[in-house]
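S.K.: mind folding the following:
(chains A and B)
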Protein chains: 2
Amino acid sequence: MRLSKYYVPTLKEDPADAEVVSHKLLMRAGMIRKLTSGIYNYLPLGLRSINKVAKIVREEMDRAGAMEVLLPTVQPADLWKETGRWEYYGKELLRFKDRHDRDYCLGPTHEEVITDLVRGEIKSYKQLPVNLYQVQTKFRDEIRPRFGLMRGREFIMKDAYSFDKDEEGAEKSYFDMFEAYKAAFSRIGLRFKPVQADSGAIGGDFSHEFMVLADTGEDTIASCRSCEFGANLEKAKVAVPDGPDMTGAGCPAMEDVATPGAHTVEEVCDFLSITPDKLIKTLLFVVDGKPVAGLVRGDRELNDIKLRNLVGGNEIEFADEALVGKLTNAPIGFAGPAGLDKDVPVYADSELKLATDWVAGANKGDTHVTHLSLGRDCAVAEYADLRVIEPTDPCPECGGAIEFTKGIEVGHVFKLGLKYSEKMEATFLDENGKTRPMVMGCYGIGVSRIVASAIEQNYDENGCIFPPSIAPFEVCLISLGGKDQDVADKAEELYAEIMKMGVDAAFDDRKERPGVKFAEADLIGYPMQLVLGGKGLKSGIIEAKDRKTGEKIELPLDGFAEAFASWRKQIWNNWGLSID
Amino acid sequence: MRLSKYYVPTLKEDPADAEVVSHKLLMRAGMIRKLTSGIYNYLPLGLRSINKVAKIVREEMDRAGAMEVLLPTVQPADLWKETGRWEYYGKELLRFKDRHDRDYCLGPTHEEVITDLVRGEIKSYKQLPVNLYQVQTKFRDEIRPRFGLMRGREFIMKDAYSFDKDEEGAEKSYFDMFEAYKAAFSRIGLRFKPVQADSGAIGGDFSHEFMVLADTGEDTIASCRSCEFGANLEKAKVAVPDGPDMTGAGCPAMEDVATPGAHTVEEVCDFLSITPDKLIKTLLFVVDGKPVAGLVRGDRELNDIKLRNLVGGNEIEFADEALVGKLTNAPIGFAGPAGLDKDVPVYADSELKLATDWVAGANKGDTHVTHLSLGRDCAVAEYADLRVIEPTDPCPECGGAIEFTKGIEVGHVFKLGLKYSEKMEATFLDENGKTRPMVMGCYGIGVSRIVASAIEQNYDENGCIFPPSIAPFEVCLISLGGKDQDVADKAEELYAEIMKMGVDAAFDDRKERPGVKFAEADLIGYPMQLVLGGKGLKSGIIEAKDRKTGEKIELPLDGFAEAFASWRKQIWNNWGLSID
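M.R.: Residues are numbered from 1 along each chain as shown, chains lettered A, B, ... in the order given. From the prediction side, this is the model:
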């Protein structure tokens, strides 16, 4: 593509509203433009990258036996009412009425539509399994869209849905997709890690997220330095340390102690001159409308997703001040397990079994209790893993050392089980003529987000550094002849030669200063730059720059094709990629 | 693709709600499924055809120098308010609010968004021309969606927008697109005709529609048997017949005649024993809120688009009964040019100049006038071409014979001029440093509709007949071995060979009866069928069937690749196509 005739409106300055590097650079490199909050135009360069991501994803889906379809953006409310999500989905589901006053929504996901599609067609186990996927524009009305393509409202997603006749088939479908995702992300050239994830909200049995590792990621991943274990913080199990069970063990009699104005763990510990691991933190939640208490040690953080899953609920939120007052007869900050409203079940983190003689809130204003024994002084409904893993915890699978890294979720696979097929009656006749619900899975990849996350993982002060697999163009040929017709002619010749090799090339044939051309090539982040100037032409060489390492070498003009092909192969290999 | 593992839910019966053949066959061939009124799921086979159409269209757009972008589905109301279309667009524009109560719409077209995009970036004549296109899902909330993909609410469109510095550039951009459209429709393999079209509603200077010729088309095209002239009925000029100008010419004095109960042309002519060509039909309209009268001869039909354009308005509709009563002091059926409310301008078809002594409504109940002389008895604001062309009219360009054919609009090119750029202040600095609005054009192709129109143009009682360029698969290899392993093995071998040739093949390896396989291959409409059975294998031949003509030939298994390649070339040629 000749840049003299291409629409690449680069910007010199970072846009004012861009907070993260991918947003800044996508804007500056002329790849996207904002239309309105969380909604972007994809310009030619940006769309090229997106299409390359989509192509790789499609190839891996096809290879795994999934079949491409395209489902509508506008979905009727009726289907969402069948699964109950019309009510539960929240405001991210943009609802509206058509001219005939019928209810619709903009599809944020397609479980309902796809289940409706197959329930009309698949009648026998002989037609299963089926895996259908699409690459499609989704809409989620985020309350605070931000970070450009990282958290937009309208975005491009690949979503796939599998239907199987039994659990075994569904697990195979799940792991086929798992492998296809690994293959796709590997071919895209990103450093990534699949981690265990919670599947509570969408429902289903188990799930993994695929995380692109980047310091700027919004998510934190706990992974093991020794084994394969990796999980997001919501999901990561915590190994229960060994030790004698002190549940119900005695200690001096519990007594109230005045702690005027001491609400927080820190304030109470200061006041009583104890360390936080001697204190029980009592947190009150509402799960699906019912109050629940969760206990963790004072130096730990409670994982509300674990508590919600333990209770078996859909929605969890903190109890508000009024409810806390009602349940504890005290302001916020003085809740404790002993003397709490009797209808509130108390769940305690497993670790709390291992000690006694606790400090906790007294359910009275400005008062705590000391010498609390769980089991003796209050009832605990269940001990379970309820806390957020910490970097000092051992790996819950092998006991090795844990490390925390930041990641960006670019893919998510769910084993859904029967959640949608039962509600929507997507059934089939099995080998024995018995009607059974299909066992489902769903699988998403954030296609437009991948382009942003590739930048979050690979950039420097000069701009983007794209992997060759998804760069808008693999190589930029920069002609520096100025008015030197010989250089211009030779550059044309080289461009033709590169195109003939089937390489995706941008040709900077513009009448711009060399500095402008270099800066823009760096900004856009073509993995390879080829520079031809007057001197080079005289000496029979073209300068080749690896954008990632900055390393420059000279390729001979005589025998260029071969030398370029070999250098190109090396560049791909340095990214851990092979040329298709 | 192995049909044993492919999702093709064919139907034996026509769906009850399908009125046109493409709708029936797309459903029956398992290519689409209805989600809800006017909104369809594209199944694997249907999506393949759509993608092939889109690929050809993209290639021709790229060749013409247009650049692909992707613009959002959800558009903010503010932009539509700038052009005034937020109010004027009507209910096809689906409007809604987001969670923050801001107004949005689902994009039925993208003039506003694209103009907003470039006005922020293009500042100099040096950056022009620019032509940006996208292949995107559009939404129009049709009052009565029907005919499957022919008139859906959600559909796939290619839309392009050109920006030029002057009229000359804009015309070049227009005709570049015109040629690109011709190239694309030719490569798709459809019989089509570009016709002159009205550009009133979207605004702009001139416009052509690309019509796929099909008896089932909703549109009527007037075209010349001798020259290149073609126009849709809205637009088609009518040649004014020669003859002396009788405007204001005398005749016996005008007099009232009672015509009790005679409202229609037919009733009045019967009552007065005259032929309709002696009568003036007076039609009352409201154009942008103001009443207007249009006159045509009793045997002609008034073209309201021509009248609207003559008046220079945006919206035209019939005057309602109350207004007719007010303007004529009579019920509907007795309006006439003489004695009409003086504030209503009267426009007459040119043909009315050529005669005098007319019969017309008297603007009194149950009364007409005879001996009316236009000019003598009433004022005519302007004579102009106001009627709908008829098959008996001569060609307005060469005088040759006209024929009427039915067509389906699949493309539309508009020279928009300054309509959007002026309202949205999309300006640039010209060579003299003067600020000027960009000159725009817009160009649409109905990508999903093309698949339906290909079927409307090519089908028989057994199913679809796809051109090889856009068939879901070019060829279907039908294995008829039953339990004969030799046939199955040979079929596998042939399938591998065809795939190796880079030909897009479906392989019917299912355990189905031959009759089922033949019927489905015909229904889906693969242009080529290859049938291998036990007998064929023994005699060393494979039967090859041309779906279009039904012609069957035998290809040798020995030297199959060459024989198949040659037959395939012939099939493409018979469609007027060459293999890419």
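S.K.: contacts, neighbours, all on C-alpha from now
M.R.: Noted.
S.K.: how about the residues of chain A by chain B?
M.R.: With Cα under 8 Å from any Cα of the partner chain as the criterion, chain A meets chain B at residues A:6-7, A:9, A:33, A:35-36, A:39-44, A:47, A:67-72, A:74-76, A:91-92, A:94, A:96-99, A:113, A:117, A:121, A:130, A:141, A:143, A:154.
S.K.: on contacts alone, who are the packing partners of the one helix or strand A:Lys281 maps to?
M.R.: Taking DSSP states H and E as the criterion, A:Lys281 maps to strand A:280-287. Secondary-structure packing of strand A:280-287 (3 or more Cα pairs under 8 Å, 6 or more residues apart in numbering or on different chains; DSSP states H and E): strand A:290-297, strand A:316-318, strand A:358-361.
S.K.: list the contacts of A:Pro244.
M.R.: Counting by Cα atoms under 8 Å, 6 or more residues apart in numbering or on different chains, A:Pro244 makes contact with A:Leu354.
S.K.: next up, phi/psi of it, please.
M.R.: phi -70, psi 140 (degrees, to the nearest 10).
S.K.: what pLDDT does it get?
M.R.: Here the pLDDT value assigned to A:Pro244 is 90.
S.K.: over to A:Thr216?
M.R.: 87.
S.K.: and what of A:Ile202?
M.R.: 51.
S.K.: returning to what we had before: could you flag which of the residues of chain A next to chain B are buried?
M.R.: A:6-7, A:9, A:33, A:35, A:39-44, A:47, A:67-72, A:74-76, A:92, A:94, A:96, A:98, A:113, A:117, A:121, A:130, A:141, A:154 (16 or more other Cα atoms under 10 Å in any protein chain shown).
S.K.: could you list the domains of chain A?
M.R.: As recorded under automatic domain parsing, the domains making up chain A are A:16-237+A:403-456, A:255-384, A:471-574.
S.K.: between those, which gets nearest to B:Cys105?
M.R.: Proximity to B:Cys105 (Cα to Cα) singles out domain A:16-237+A:403-456 among the domains of chain A, at 10.4 Å.
S.K.: run the chain-centre distance for the closest one.
M.R.: 10 Å (Cα atoms, centre = their mean, to the nearest Å).
S.K.: that domain: end-to-end distance?
M.R.: 18 Å (Cα to Cα, to the nearest Å).
S.K.: ok so, going back, now the helices and strands packed on strand A:280-287 in CSV, with mean pLDDT and distance to A:Pro396?
M.R.: Shown next, in CSV, are the helices and strands packed on strand A:280-287 (pLDDT from 0 to 100; distance: least, Cα to Cα, whole Å):
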stretch, mean pLDDT, distance to A:Pro396
strand A:290-297, 97, 18
strand A:316-318, 93, 25
strand A:358-361, 96, 26
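S.K.: the ones you listed: which one's closest to B:Ala258?
M.R.: Checking the helices and strands packed on strand A:280-287 against B:Ala258 by Cα to Cα gives strand A:316-318 as the closest, at 82.8 Å.
S.K.: the next helix or strand along the chain from that closest one to strand A:280-287, inter-axis angle?
M.R.: Next along the chain after strand A:316-318, taking DSSP H and E as the criterion, comes helix A:321-328. Angle, helix A:321-328 to strand A:280-287, by axes from the mean of the first three to the mean of the last three Cα atoms, to 10 degrees: 120 degrees.
S.K.: got the CA positions of helix A:321-328 in PDB?
M.R.: The C-alpha coordinates for helix A:321-328 follow below in PDB (Å, rounded to 0.1, in the frame of the first residue of the first chain):
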ATOM      1  CA  GLU A 321     -25.400   1.000  56.600                       C
ATOM      2  CA  ALA A 322     -29.000   0.600  57.600                       C
ATOM      3  CA  LEU A 323     -28.900  -3.200  57.400                       C
ATOM      4  CA  VAL A 324     -25.600  -3.300  59.300                       C
ATOM      5  CA  GLY A 325     -27.200  -1.200  62.000                       C
ATOM      6  CA  LYS A 326     -30.200  -3.500  62.100                       C
ATOM      7  CA  LEU A 327     -28.200  -6.700  62.300                       C
ATOM      8  CA  THR A 328     -25.500  -5.500  64.700                       C
END
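S.K.: what residue in the stretch 251-400 of chain A comes nearest to chain B?
M.R.: Of all residues in the stretch 251-400 of chain A, the one sitting closest to chain B is A:Glu315 (20.3 Å; Cα to the nearest Cα).
S.K.: for that residue, what are its contacts?
M.R.: A:Glu315 neighbours (Cα under 8 Å, 6+ apart): A:287-288, A:308.
S.K.: any idea how far it lies from A:Glu321?
M.R.: 18 Å.
S.K.: same thing with A:Gly38?
M.R.: Taking Cα to Cα, one finds A:Gly38 at 33 Å from A:Glu321.
S.K.: tell me which of the two has more neighbours.
M.R.: Between A:Gly38 and A:Glu321, counted using other Cα atoms under 10 Å in any protein chain shown, A:Gly38 has the larger neighbour count: 23 against 12.
S.K.: so what's the more buried one closest to, chain neighbours aside?
M.R.: Nearest non-adjacent residue to A:Gly38, counting by Cα to Cα, 6 or more residues apart in numbering or on different chains: A:Gly152, 4.2 Å away.
S.K.: list the beta-bridge partners for A:Ile32.
M.R.: For A:Ile32, the beta-bridge partners are A:Tyr42 (DSSP bridges).
S.K.: now the helices for the stretch 351-500 of chain A?
M.R.: With DSSP state H, counting those that start in this stretch as the definition, the stretch 351-500 of chain A shows helices at residue ranges A:419-423, A:447-457, A:485-500.
S.K.: winner for burial among these?
M.R.: helix A:447-457 (a mean of 26; mean count of other Cα atoms under 10 Å in any protein chain shown).
S.K.: which elements pack onto that one?
M.R.: Judged by 3+ Cα pairs under 8 Å, 6+ apart, helix A:447-457 is in contact with helix A:21-28, helix A:44-63, strand A:154-164, strand A:206-213, strand A:402-417.
S.K.: contacts for it?
M.R.: Counting by Cα under 8 Å, 6+ apart, A:21-23, A:25-26, A:49-50, A:53-54, A:149-151, A:155-158, A:190, A:212-217, A:408, A:410, A:464-467, A:470 sit against helix A:447-457.
S.K.: show me which of those are buried.
M.R.: A:21-23, A:25-26, A:49-50, A:53-54, A:149-151, A:155-158, A:190, A:212-214, A:216-217, A:408, A:410, A:464-467, A:470.
S.K.: the helices and strands packed on helix A:447-457 into a markdown table, with extra columns for distance to B:Arg510 and mean pLDDT?
M.R.: Listed next are those as a markdown table, based on distance: least, Cα to Cα, whole Å; pLDDT from 0 to 100:
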| stretch | distance to B:Arg510 | mean pLDDT |
| --- | --- | --- |
| helix A:21-28 | 49 | 97 |
| helix A:44-63 | 20 | 98 |
| strand A:154-164 | 20 | 98 |
| strand A:206-213 | 34 | 94 |
| strand A:402-417 | 29 | 95 |
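S.K.: need the ones you listed in TSV with distance to A:Val475, can you?
M.R.: What follows is these, written out as TSV (distance: least, Cα to Cα, whole Å):
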stretch	distance to A:Val475
helix A:21-28	18
helix A:44-63	13
strand A:154-164	26
strand A:206-213	24
strand A:402-417	26
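S.K.: so which of the contacts of A:Glu315 sits lowest on pLDDT?
M.R.: Among these, pLDDT bottoms out at A:Asp288, giving 90.
S.K.: how far away from the center of its chain is stretch A:297-311?
M.R.: So, by Cα atoms, centre = their mean, the centroid of stretch A:297-311 is 22 Å from its chain's centroid.
S.K.: next, the buried residues of that stretch.
M.R.: A:297-298, A:300, A:302-309, A:311.
S.K.: tell me which of those fall in strands.
M.R.: Using DSSP state E, the members of the buried residues of stretch A:297-311 that fall within strands are A:Arg297.
S.K.: among the buried residues of stretch A:297-311, which are in helices?
M.R.: Using DSSP state H, the subset of those located in helices is A:304-309, A:311.
S.K.: and which of these is nearest A:Gly540?
M.R.: Looking at these and their distance to A:Gly540, the nearest is A:Ile305, at 64.6 Å (Cα to Cα).
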